[in-house]
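J.: here is my input, please return the structure:
(4 chains)
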Protein chains: 2
Amino acid sequence: MPDPMYRQIAEQLREEIESDRFDADKPLPTESQLQVSHKVSRNTIRQAIDLLDGWGLVEKRPGSGTFIRKQYEPFVTTLSEWQKKSGSEDKPGSEDESDSGLGGGEGAAAFNEVKARGRMGKFLSPRVEIQLASKNVSERLRVPPGTNVISRHQQRFIDGQPWSLQTSYYPMDLSDRGATQLLLAGDIKEGAVKYLGDVLQLKQVGYRDRIAVRRANETELRFFGLREDANIPVFILLRTAYGVDGASTEPFPFRFTESVFPSDRNQFVINVGNVPDGLAEPAKI
Amino acid sequence: MPDPMYRQIAEQLREEIESDRFDADKPLPTESQLQVSHKVSRNTIRQAIDLLDGWGLVEKRPGSGTFIRKQYEPFVTTLSEWQKKSGSEDKPGSEDESDSGLGGGEGAAAFNEVKARGRMGKFLSPRVEIQLASKNVSERLRVPPGTNVISRHQQRFIDGQPWSLQTSYYPMDLSDRGATQLLLAGDIKEGAVKYLGDVLQLKQVGYRDRIAVRRANETELRFFGLREDANIPVFILLRTAYGVDGASTEPFPFRFTESVFPSDRNQFVINVGNVPDGLAEPAKI
DNA sequence: GCAAATTTGTTCGTATGTATT
DNA sequence: CAATACATACGAACAAATTTG
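T.: Numbers count the residues shown, from 1 in each chain, chains lettered A, B, ... in the order given. The predicted structure follows:
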């Protein structure tokens, strides 16, 4: 039993696209042209192109045409530490935290990784709000639901492309005790982790990342320039950071971060134990 | 300008589904019924339902009806180690590796995590093949492309549901030097890492994970019971494991593993440094 | 076990709307 | 403003898968 016509046509177009038989800058043949050349109705052509669209291969622009979607060079974010400490063993949580804290995707460390990979990062100034803790945030920060928390939201770009959306939540407690910069909309140049260490003797000792994938919501579709039809899901990276300070030797959560990364241009790397030096290149999948 | 009809209808149906206004066991109203109740053509109803299908909310069964898709309780896999070592600091790569090696998603450790989470794991017997190393495999294992490598492919189930597909590649070298069990189709009860340690004094000292997301291929759609329309992508987890043995103190890659997890039922957790004890619960996203 | 009824799948033709050039 | 190209919507017919009597 052969596949239905629209699927056969879609497969054929896919094959033609992937072997560069179309000009990448110019639109594909129009629906009317394809309707003629494949001797089917325009509806059937549209079904075929809708498939390609759902596969993320093409992008339809009303009034203009159907174009081949540009494939991104994936950007790799290292979630564990990625800078080897010279002259010290590789011990997360040990005493010699460098400027980037434990590294891996945090503000300062993330920016450094972008630079180290020879790409151009642009992190907009954070938008700061006092919010009531959602159930999720209150559970992670161990504050009662509805408590005020500091929310710092930031848009990040790489090579001019929208790259990630990040929101960090801090207990109000921290600003009350003197970390007042958390309330200012500007960047914290040295990185929030180092700042909290300097001001409150709050030292990050570890973090837990959770990775999941879901469909992009309205805001995310708009910011990342994704078309809903293309069905590009987003990574959700939830990080709970733990620290100790003078008052407590038992680690407690002091920051909860939710980051959103479109899956068409992002990958993650985790190094555990002793692995070769150097930044990991993207995986071919 | 209001949304088109099919989108309005889709949103309304979504709202009705999410507030449990339909019986989860019985099909939704048929296309003909909806066509009447919404006073539109059947094609328009089909467009609306196709949207819900693409959102993964419903599942269409020809001849039978349209059903609400069951949501999975996500299974969480810890990629870093997840068992605290009693009486020892938390140092990956240190001397006191327990039974599960460095832990985190490996055969033995993965099975233990499933058990620890109170769920029922079933890992089928691996299918073993001698293959020519692909470009990807040869790069990771640092063997010339086209060299023979051992491939061990395994299907994994949790609570009776297909959960992941995993293929590990080992240099032939290892079996030549005595690790002959790698060539047998049976399970390696103690875990491959421990086995290699016992037989070849090959000790795992670290690993690097890469995480990406892509569309499921034919095989994966079939195995995981996914419908193409539902557009559920899969996680790709690539792990390169490094070890040392008597002959070399410089870590070298001895195993490369590619695992595939459907994103509708899987999440990952990474612990870095000092984090609270206990298995992390799924993220709410 | 088979035939009929039901339900979704495919394809056609047509008309009109909306966005872009 | 006109032409072009994709978007929405209607109606119809037949096919294929599944359930039911």
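J.: for residue A:129, which non-adjacent residue is spatially closest?
T.: Excluding its sequence neighbours, the residue lying closest to residue A:129 (C-beta to C-beta, 6 or more residues apart in numbering or on different chains) is residue A:151, at 4.7 Å. For every residue, glycine as well, the C-beta is placed using N, CA and C.
J.: what's around the one you found, how many residues?
T.: 20 (other C-beta atoms under 10 Å in any protein chain shown).
J.: touching, it and residue A:134? I think so.
T.: No. In this structure, residue A:151 is not within contact of residue A:134 by C-beta atoms under 8 Å, at 10.0 Å.
J.: show me the helices in chain A, by range?
T.: A:5-18, A:31-37, A:42-54, A:107-116, A:135-141, A:172-176, A:192-200, A:218-224 (DSSP state H).
J.: what's around residue A:118, how many residues?
T.: Neighbours of residue A:118 (other C-beta under 10 Å): 8.
J.: actually residue A:160, not the one I wrote
T.: By the measure other C-beta under 10 Å, the count of residues near residue A:160 is 8.
J.: ok so, going back, export the helices of chain A as TSV, with columns for distance to residue A:231 and mean pLDDT.
T.: As requested, the helices of chain A are exported to TSV (distance: least, C-beta to C-beta, whole Å; pLDDT from 0 to 100):
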stretch	distance to residue A:231	mean pLDDT
helix A:5-18	15	96
helix A:31-37	21	96
helix A:42-54	5	97
helix A:107-116	27	87
helix A:135-141	25	95
helix A:172-176	39	94
helix A:192-200	35	90
helix A:218-224	11	94
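J.: mind checking which of the ones you listed is nearest residue B:59?
T.: helix A:42-54 (16.2 Å; C-beta to C-beta).
J.: number of nearby residues for residue A:252?
T.: Counted with other C-beta under 10 Å, residue A:252 comes out at 16.
J.: which residue packs closest to it, ignoring adjacent ones?
T.: Closest residue in space to residue A:252, ignoring its immediate chain neighbours: residue A:242 at 6.5 Å, by C-beta to C-beta, 6+ apart.
J.: what residues does the stretch 1-150 of chain A have near DNA strand C?
T.: Within the stretch 1-150 of chain A, the positions lying close to DNA strand C (C-beta under 7 Å from any atom of the strand) are A:4-7, A:39-44, A:47, A:61-64.
J.: buried subset of those residues?
T.: A:5-6, A:40, A:44, A:47 (16 or more other C-beta atoms under 10 Å in any protein chain shown).
J.: is any residue of the helix or strand of chain A with the lowest mean pLDDT near chain B?
T.: Least confident element among the helices and strands of chain A, by mean pLDDT, DSSP states H and E: helix A:107-116 (a mean of 87). No. Using C-beta under 8 Å from any C-beta of the partner chain, helix A:107-116 stays clear of chain B, with a minimum separation of 11.7 Å.
J.: buried stuff in that helix?
T.: Buried, per 16+ other C-beta under 10 Å, within helix A:107-116: A:107-114.
J.: so where is the stretch 51-200 of chain A shaky, pLDDT-wise?
T.: The stretch 51-200 of chain A contains residues with pLDDT under 70 at A:82-105.
J.: quick one: the strands in it?
T.: All strands of the stretch 51-200 of chain A, identified by DSSP state E, counting those that start in this stretch, fall at A:58-61, A:65-68, A:75-78, A:121-123, A:127-132, A:148-158, A:161-171.
J.: I'd like to know which of the ones you listed is closest to residue B:138.
T.: Across these, residue B:138 has its closest neighbour in strand A:75-78 (20.6 Å, C-beta to C-beta).
J.: can you list contacts of that closest one?
T.: A:103-105, A:110, A:113-114, A:117, A:119, A:158, A:163, A:261, A:265-271, A:279-282, B:210 (C-beta atoms under 8 Å, 6 or more residues apart in numbering or on different chains).
J.: parallel or antiparallel, list what pairs with it.
T.: Here strand A:75-78 is paired, per DSSP bridges, with strand A:266-273 (parallel).
J.: check contacts around residue A:253.
T.: Taking C-beta under 8 Å, 6+ apart, one finds A:140-142, A:240-242 in contact with residue A:253.
J.: make a PyMOL selection of whichever of those residues turn out to be buried.
T.: Here is the PyMOL command that selects the buried residues among the contacts of residue A:253 (16+ other C-beta under 10 Å):
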select buried, chain A and resi 140+141+240+241+242
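J.: tell me which two of the contacts of residue A:253 sit farthest apart.
T.: A:142 and A:241, at 12.6 Å, using C-beta to C-beta across those.
J.: count of residues packed around residue A:177?
T.: 15.
J.: so for stretch A:246-256, mean pLDDT?
T.: In this model, stretch A:246-256 carries a mean pLDDT of 88.
J.: can you get me a residue count around the residue of the stretch 151-285 of chain A found nearest DNA strand D?
T.: For the stretch 151-285 of chain A, the residue closest to DNA strand D is residue A:229, as judged by C-beta to the nearest atom of the strand, at 7.6 Å. Neighbour count of residue A:229, defined by other C-beta under 10 Å: 16.
J.: from residue A:145, how far out is it?
T.: 37 Å (C-beta to C-beta, to the nearest Å).
J.: same thing with residue A:154?
T.: Residue A:154 is 24 Å from residue A:145, by C-beta to C-beta.
J.: more neighbours, the two?
T.: Using other C-beta under 10 Å as the criterion, residue A:154 and residue A:145 rank with residue A:154 on top: 18 against 12.
J.: test my guess that that one contacts residue A:121.
T.: No. Residue A:154 lies out of contact with residue A:121 (C-beta under 8 Å); the separation is 11.6 Å.
J.: still on that earlier bit, mark which of the contacts of strand A:75-78 are buried, thanks.
T.: Buried subset of those (neighbour count, 16+ other C-beta under 10 Å): A:103-105, A:110, A:113-114, A:158, A:163, A:261, A:265-271, A:280, B:210.
J.: just those that are near DNA strand D?
T.: Of the buried ones among the contacts of strand A:75-78, not one also sits near DNA strand D (C-beta under 7 Å from any atom of the strand).
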